[in-house]
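> Below is the structure, and that's it, no one-letter string:
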């Protein structure tokens, strides 16, 4: 099976970054270890894209970046971007969160804080860990990266 561009990027990132290639072996230990590695994020994103659920990792990554914002104007701007792209009803990349969480974010988006998306992010992380991650480990994408760079 031909690898897609993102998995090729993941392989190149592993090979040419300062991150050790050994990290590929630990991707199978936990989703946390997979997501702690930029190459792992890219490979997982590639897999989710093939399953038409790329919005999950994109939302999770956007929330991780959001938590590091230090200025109020930037926080407001980025919160609105995340809300518009992922949270609001009919958003272009709407994530699958419950209506109560969506309503809570909607009601508080005018005064965001660093925790504005925490509940939604935890829901999406749980969904990825429970549902997508086990399939990723069996995927051609992961198996080809593991075969090329792993120790197993």
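Nice, I can see it. These numbers come from a predicted model, not from an experiment. Residues are numbered from 1 along each chain as shown.
> In this structure, where is pLDDT below threshold?
Residue ranges of the chain with pLDDT under 70: 1-22, 151-152.
> Can you list the buried residues in the helix or strand harbouring residue 61?
Secondary-structure assignment from DSSP states H and E places residue 61 in helix 54-66. Using 16 or more other Cβ atoms under 10 Å as the test for burial, helix 54-66 gives 54-60, 62-63, 66. C-beta coordinates here come from the backbone N, C-alpha and C atoms, glycine included.
> packing partners for that helix?
helix 38-50, helix 72-82, helix 118-127 (3 or more Cβ pairs under 8 Å, 6 or more residues apart in numbering; DSSP states H and E).
> okay, now residue 136: neighbour count?
24 (other Cβ atoms under 10 Å).
> How much space separates it from residue 48?
Remark: distance between residue 136 and residue 48 (Cβ to Cβ, to the nearest Å) = 8 Å.
> Likewise for residue 38?
Residue 38 is 16 Å from residue 48, by Cβ to Cβ.
> can I assume residue 133 is in contact with residue 35?
No - counting by Cβ atoms under 8 Å, residue 133 does not reach residue 35; the two are 9.4 Å apart.
> List the residues that are in contact with both of these two.
Counting by Cβ atoms under 8 Å, 6 or more residues apart in numbering, the contacts common to residue 133 and residue 35 are residue 44.
> Find the residue closest to the most centrally placed residue in the chain in space, skipping its chain neighbours.
Residue closest to the average C-alpha location in the chain (Cα atoms, centre = their mean): residue 57, at 2.2 Å. Once flanking residues are discounted, residue 57 sits nearest to residue 45: 4.8 Å by Cβ to Cβ, 6 or more residues apart in numbering.
> next one: residue 80
Spatial nearest neighbour of residue 80, excluding adjacent residues (Cβ to Cβ, 6+ apart): residue 109 at 6.7 Å.
> how many neighbours does residue 47 have?
Applying other Cβ under 10 Å, I find that residue 47 has 24 neighbouring residues.
> Hmm, it is touching residue 140, no?
No - between residue 47 and residue 140 there is no contact under Cβ under 8 Å: 9.0 Å.
> Please report how far residue 37 lies from residue 27.
7 Å.
> now swap in residue 88 and tell me
For residue 88 relative to residue 27 (Cβ to Cβ), the value is 33 Å.
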